[in-house]
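The sequence and its predicted three-dimensional model are supplied below.
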Amino acid sequence: MASPFSLPAALNPPITGREGVADAIYRCALAWDTNDTALFDSSFMPDGVFEVNDHTMNGLPEIHATGLALIFKLDTTHLVTNVRVHMGEDNEASLTATVLMQHFVKGKGMEPSQKSLMSGSLYYAELANDTDGLWKFKHLKIKSIWVEGDYGVIGDNFSEVGW
């Protein structure tokens with residue numbers, strides 16, 4: 001579902017080079033925060049790998065069923081910083097970033113004294129320039145460095161997922 005807070009995946013004028021690579025992480029994070037599946041999909045190759053704390057999801061169908069199902073049931077903000085891009089050869093690149101994430105039970109974030117879960121993570125990604133001109137993740141790896149708050153915000157199935 002498109003959000004009024006999401007711009008189109010392909011911006012005008014088109015962005016290229018390092019800025020285009022970095023845009024993949026920005027599209028991904030904004031998609032999580034706005035529950036925008038189409039924007040999220042624009043950041044991943046169809047057979048992309050999404051790895052969170054050694055839990056691996058392969059391909060968009062599994063990423064949707066496991067990862068997005070968990071994230072989209074929350075109110076979140078993801079603040080992306082310290083983005084570094086290495087341009088490789090043959091339309092490939094790698095990226096690192098630091099991300100601060102805040103999670104609340106959906107619809108409860110604006111209520112006073114709500115439980116929340118905050119975390120700080122390091123991201124590493126391998127990307128390719130797809131045929132549509134957008135840089136997309138072939139592999140996005142997230143390693144949480146610290147967490148603070150209540151894991152119950154994420155729900156009972158959090159421990160089953162193994163994150």
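Looks like it came in fine.

So which bits of the longest helix seen in the chain are buried?
For the chain, the longest helix by residue count, based on DSSP state H, is helix 17-34. For helix 17-34, the neighbour count (16 or more other Cβ atoms under 10 Å) marks 18, 20-34 as buried. The way it works is simple: take the backbone N, C-alpha and C, and place the C-beta from them, glycine included.

Next secondary structure after that helix?
Per DSSP states H and E, the first helix or strand lying C-terminal to helix 17-34 is helix 37-41.

who's in contact with the closest residue to residue 17 other than its chain neighbours?
Computed as Cβ to Cβ, 6 or more residues apart in numbering, the closest residue to residue 17 that is not its neighbour in sequence is residue 87, at 7.1 Å. Listed by Cβ atoms under 8 Å, 6 or more residues apart in numbering, the contact partners of residue 87 are 17, 18, 21, 93.

Redo the residues you listed as CSV? Include pLDDT and distance to residue 129.
Listed next are the contacts of residue 87 as CSV, based on pLDDT from 0 to 100; distance: Cβ to Cβ, whole Å:
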residue, pLDDT, distance to residue 129
17, 93, 10
18, 96, 12
21, 98, 8
93, 98, 8
